[in-house]
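> Pasting the sequence and the predicted coordinates here, then a few questions.
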Amino acid sequence: MAAELAGAVRRAVIFDLDGVIVDSFDVMRRAFQTAYAEVMGDGPAPFEEYSKHLGRYFPDIMRIMGLPPEIEEPFVRESYRLSREVTVFDGVEPLLEELNRHGLPLAVATGKSGPRARSLLGELGLAGRFAHVIGSDEVPRPKPAPDIVERALRLLGVRPEEAVMIGDAVTDLRSARGAGVAAVAALWGESEAAPLLAERPDAVLHRPSDLLELLLPSLTHVPAVSEGI
């Protein structure tokens, strides 16, 4: 179970999207394979290497892998086409409902572009759970730089010590730390645990409901509200 976070009362939660809120791994794999074949031709798509960089902005991954930026267009097209196959992780919807009920403002800070993230959350009926959804195309520097978390803090109107960032990638944890926010590792998705644990996160969650225990001291200090954000 999650241990209590030290420091100030936590008044806001910032979530990564893929691998934390939604299970999109298979859709990403298929979109990448199709896009790679269209641009690069025959041969196996190096998805295993691609998956090691999840959490980063797609153009950054292409640069790191030495692949042409033209892969992005068919990748985005296929991601939109397959979006109805993306599912919400078990336990996430009741978690968001409970956090909303307690009045904690929530944000998404994702490696996706803002329009793609907002479109996906809208399709899944979750957009109204979040006060703000920020994409990597909407900040000067994407993760692992702290810019996207810092923007979330400004929009939510909270200090770094009053927020937590929930992520399933090393880039999420480093972005949170760079912004002075508690870095919390989510282990219910496809990510390997070892690299995340090597980052020494401030807390580790094995299921979405663990976050409620982690934030319990904070929840007792936030007035409850009857409806979501």
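Received, thanks. Numbers count the residues shown, from 1 in each chain.
> if I look at Phe15, how far off is Tyr80?
Taking C-beta to C-beta, to the nearest Å as the criterion, Phe15 is separated from Tyr80 by 21 Å. The C-beta positions use only the backbone N, C-alpha and C, and glycine is treated the same way.
> what's the answer for His132, then?
Computed as C-beta to C-beta, the His132 to Tyr80 distance reads 22 Å.
> returning to that earlier point: which one's more surrounded, Phe15 and Tyr80?
Regarding Phe15 and Tyr80, a neighbour count based on other C-beta atoms under 10 Å identifies Phe15 as having more, with 27 against 15.
> If you tally nearby residues, what's the number for Met62?
Using other C-beta under 10 Å, the number of residues around Met62 comes to 19.
> Could you report the separation of it from Pro144?
When distance is defined by C-beta to C-beta, Met62 is 17 Å away from Pro144.
> Leu153 sits in which helix or strand?
With the criterion set as DSSP states H and E, the secondary-structure element containing Leu153 is helix 147-156.
> now for that helix, which elements pack on it?
The contact analysis (3 or more C-beta pairs under 8 Å, 6 or more residues apart in numbering; DSSP states H and E) places helix 147-156 against strand 12-15, strand 106-109, strand 132-134, strand 163-167, helix 170-178.
> what secondary structure does the residue of the chain positioned farthest from its centre sit in?
For the chain, the residue at maximal distance from the C-alpha centroid (C-alpha atoms, centre = their mean) is Asp42, at 32.2 Å. Three states are possible here, and by DSSP: H, G, I helix; E, B strand; the rest coil the one that applies to Asp42 is coil.
> just the one 3 residues further on next, same as before
Classification of Ala45 into helix, strand or coil gives coil, according to three-state DSSP.
> Pop the domain breakdown of this protein in here.
Taking automatic domain parsing as the criterion, the chain consists of the domains 12-23+87-219, 25-85.
> among those domains, which is the most enclosed?
domain 12-23+87-219 (a mean of 20; mean count of other C-beta atoms under 10 Å).
> okay, how far is it across stretch 175-186, tip to tip?
One end of stretch 175-186 sits 15 Å from the other (C-alpha to C-alpha, to the nearest Å).
> Ends of stretch 87-94, what's the gap?
The first and last residues of stretch 87-94 sit 15 Å apart, counting by C-alpha to C-alpha.
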